[in-house]
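A.B. asks: Got a sequence here, can you build the structure:
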Amino acid sequence: MTLPCASGAGALPEGFALIGAGPGFVRLCGDFYIHAEQPIVAALIAPEHLNPFGIAHGGMLVTLADSAMNAVLRRDFGILRPVTVGLSVDFLGTVRQGDWAQASVTLHKTGKRIANASCMVTVADRPVLRVSGVFMMPEREQAPPCT
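C.D. replies: Now for the predicted structure:
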């Protein structure tokens, strides 16, 4: 697998494409990439993602996980604008500059208004973050593509 380099040159791992971020906070987190078929969103950890200790900032990793669950709910389940109403987070390991962090999403249950999902963020198959999320589903329509 060839990873994109921090300067933007290089190839993405097979099956991944850039997610077009809308306006707001997530745009400031750098580029996220969604897998074309699998429920995975990933990011290449860059210098701007690091905390003063030289590891990925926890808030950046939680943003990756929340964004991954949101993107998969939109793309795979037609939930147009899922709204995060709760997250439970467990930090399991460190993430360093140059790591390719993959957030794998599992949808557990959807009701009329609420969806429950979880996300495991890994680096080279090593778990680094586990997140459970609860999402309000104001609309169930065909969502626009995430790319």
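
A.B. asks: which stretches of this protein have low pLDDT?
C.D. replies: Within the chain, the ranges that satisfy pLDDT under 70 run 1-10, 21-23, 139-147.

A.B. asks: would you list every one of the strands in it?
C.D. replies: For the chain, the strands defined by DSSP state E cover 16-18, 33-35, 40-44, 83-91, 100-110, 114-123, 126-136.

A.B. asks: Most tightly packed of those strands?
C.D. replies: Burial of these is given as mean neighbour count (mean count of other Cβ atoms under 10 Å); strand 40-44 ranks first at a mean of 24. Any C-beta I mention is one placed from the backbone N, CA and C, and that applies to glycine too.

A.B. asks: Nearest the middle, which residue of this protein would you pick?
C.D. replies: Centroid check for the chain by Cα atoms, centre = their mean gives A68 as the closest residue, at 2.9 Å.

A.B. asks: what's near enough to touch N51?
C.D. replies: Residues near N51 by Cβ atoms under 8 Å, 6 or more residues apart in numbering: 57-58.

A.B. asks: contacting residues for the residue lying farthest from the centre of the chain?
C.D. replies: For the chain, the largest distance from the centre (Cα atoms, centre = their mean) belongs to K112, which lies 24.1 Å off. Residues in contact with K112 (Cβ under 8 Å, 6+ apart) are M137.

A.B. asks: okay, now the closest residue to V131 other than its chain neighbours: neighbour count?
C.D. replies: For V131, ignoring the flanking residues on the chain, the nearest one in space by Cβ to Cβ, 6 or more residues apart in numbering is A65 at 4.1 Å. Using other Cβ atoms under 10 Å, A65 has 26 other residues around it.
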